[in-house]
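Peer 1: Let's see this in three dimensions:
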Amino acid sequence: MIRRESYLNLLRDFIDKPFIKVITGLRRCGKSVLLMMLRDELINKGIDENNIIYLNFESFEFSEIDDSNKLYLFLRSKMSNKKQYYILLDEIQEVKSWEKSINSLRVDFNADIYLTGSNSKLLSSELATYLAGRYVEIPVYTLSFAEYLLFRHEYAPGETEEIYAEFENFLRKGGFPAIHTGNYSSETTYKAIYDIYSSAILRDTVQRYGIRDVELLERVVKYVFDNIGNSFSAKNVADYFKSQNRKIDLNTVYNYLNALEGAFIIYRIPRYDIKGKELLKTNEKYFVGDQSLLYAVMGFKDRLISGVLENIVMLDLKRRGFKVFVGKSGEKEIDFIGEKAGYKIYVQVTYKMTEQSTIDREFSPLLDIKDNHPKYVVSMDETWKDNIEGIQHMHIADFLLKD
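Peer 2: A predicted model of the protein is given here:
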């Protein structure tokens, strides 16, 4: 089992702190394994196993605990002494009105509570009702490129290639942990990933939001996937369907996009006007929760490569704790601005720097920014590497592995 230290470090900081720890992320991104790693860590610290209660609500074993009252009564029956208990509840959204029992457990018992869930919108709204200010969210993503390499070294030690070749494999197969625990063919890989996608669509969007027109929802998904890295709005989506003689209400598009975002199938990245220093409310960019989802649903499309590379960089910035924006500077666009604790990073992403016009296009927006924060242009060029006026050009694999 590969330890995902970046997430474990976050959890360690909150052990025994008076906050409910909420671990969120796309289905099969590794939340359950992280919870089990936490359980092992608590035992290694000397916590009595009887004082650690772990329930996975996707297991048939706990299927009868389906509402708040049953959950409270079950957990109360397990807490027989006055020592502190550690309660680890996996996929908590499967329990109706779960937030009521969690709030009561926090009040009635000496309990350190950890939850996982696969729907950010529902979790945040339910937590805000009963637990405002008393919880901390820890988002978990699919494997970073660095984590992917750890998996490769562990599960395919004789097959590990040089870094740039490995990146191309990561580009195609993505970062779902289970995919990299064996030497699976591309066909098997994409079948498994499509099953993950189908589960997320069905359970975390259709069922959670009561969506009736599943076929229309999947058309919206394909529109987003087909426009990865492009700026668009809900109106653009509605206008596209109108051109295809398929009417769709603008509010329906908003609701579908919000549902998909809540299930971590897509991420909405807002635009930020650097000169005006304000967030813009139009033409956001949408990306996918893992690049492999796009390939599993849409197949390979060479024209999407730049958008897929942007997707990988966006996820990496989020993993590192950055708030991510698309930058606007006059008429020019900067692919990403990352902000964290007063620190900024600017990143331009492109496929290849084969022509001078491409070099000018990618470096020009960054040259206009006169602050001292780091600026990068990343691509898949293996030979052409140059810095221009302090702006670093790097192969995307090197950028992803940079501290």
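Peer 1: quick one: least confident helix or strand in this protein?
Peer 2: helix 120-131 (a mean of 70; mean pLDDT, DSSP states H and E).
Peer 1: I'd say A238 and N251 touch.
Peer 2: No: taking Cβ atoms under 8 Å as the definition, A238 is not a contact partner of N251, at 9.6 Å. All C-beta spots, glycine's among them, are computed from the backbone N, C-alpha and C.
Peer 1: Compare neighbour counts for those two and give me the winner.
Peer 2: The neighbour count for A238 versus N251, taken as other Cβ atoms under 10 Å, is higher for A238 (20 against 10).
Peer 1: Next up, phi/psi of the residue most central in space within the chain, please.
Peer 2: When Cα atoms, centre = their mean is applied to the chain, the residue found nearest the centroid is Y141 (4.1 Å). Here is the backbone geometry of Y141 (degrees, to the nearest 10): phi -120, psi 170.
Peer 1: Who are the contact partners of it?
Peer 2: Going by Cβ atoms under 8 Å, 6 or more residues apart in numbering, Y141 touches 25-26, 29, 175, 289-290, 315, 318-319.
Peer 1: likewise K247?
Peer 2: Contact analysis of K247 by Cβ under 8 Å, 6+ apart lists F241.
Peer 1: Need the pLDDT of it.
Peer 2: Listed pLDDT for K247 reads 88.
Peer 1: where does D90 fall, phi/psi-wise?
Peer 2: Per degrees, to the nearest 10, the backbone of D90 is at phi -100, psi 130.
Peer 1: Backbone dihedrals for the residue nearest to it when sequence neighbours are not counted, both of them.
Peer 2: Counting by Cβ to Cβ, 6 or more residues apart in numbering, N56 is the residue found nearest to D90 once chain neighbours are left out, at 4.1 Å. Dihedral pair for N56: phi -110, psi 110, per degrees, to the nearest 10.
Peer 1: Over to S243?
Peer 2: For S243, the backbone dihedrals (degrees, to the nearest 10) come out as phi -70, psi -20.
Peer 1: tell me the domain ranges of the protein?
Peer 2: Per the record, the chain has its domains at 5-139, 146-401, by automatic domain parsing.
Peer 1: Can you measure across the longest one, start residue to end residue?
Peer 2: Length of domain 146-401, first residue to last, Cα to Cα, to the nearest Å: 6 Å.
Peer 1: Over to stretch 89-103?
Peer 2: End-to-end distance for stretch 89-103, by Cα to Cα: 14 Å.
Peer 1: Please apply the same query to stretch 202-214.
Peer 2: Length of stretch 202-214, first residue to last, Cα to Cα: 9 Å.
Peer 1: contacting residues for Y351?
Peer 2: 305-306, 309, 379-380.
Peer 1: for this structure, which spans come out with low pLDDT?
Peer 2: Low-confidence segments of the chain, defined by pLDDT under 70: 121-123, 125-126.
Peer 1: pull the longest strand from it.
Peer 2: strand 278-288 (DSSP state E).
Peer 1: in that one, what's buried?
Peer 2: 284-288 (16 or more other Cβ atoms under 10 Å).
Peer 1: For the residue lying farthest from the centre of the chain, give me phi and psi.
Peer 2: In the chain, N81 marks the outermost C-alpha relative to the chain mean, sitting 38.5 Å out by Cα atoms, centre = their mean. Per-residue torsions, N81: phi -130, psi 180 (degrees, to the nearest 10).
Peer 1: If anything else comes up later, I'll come back, but that's it for now.
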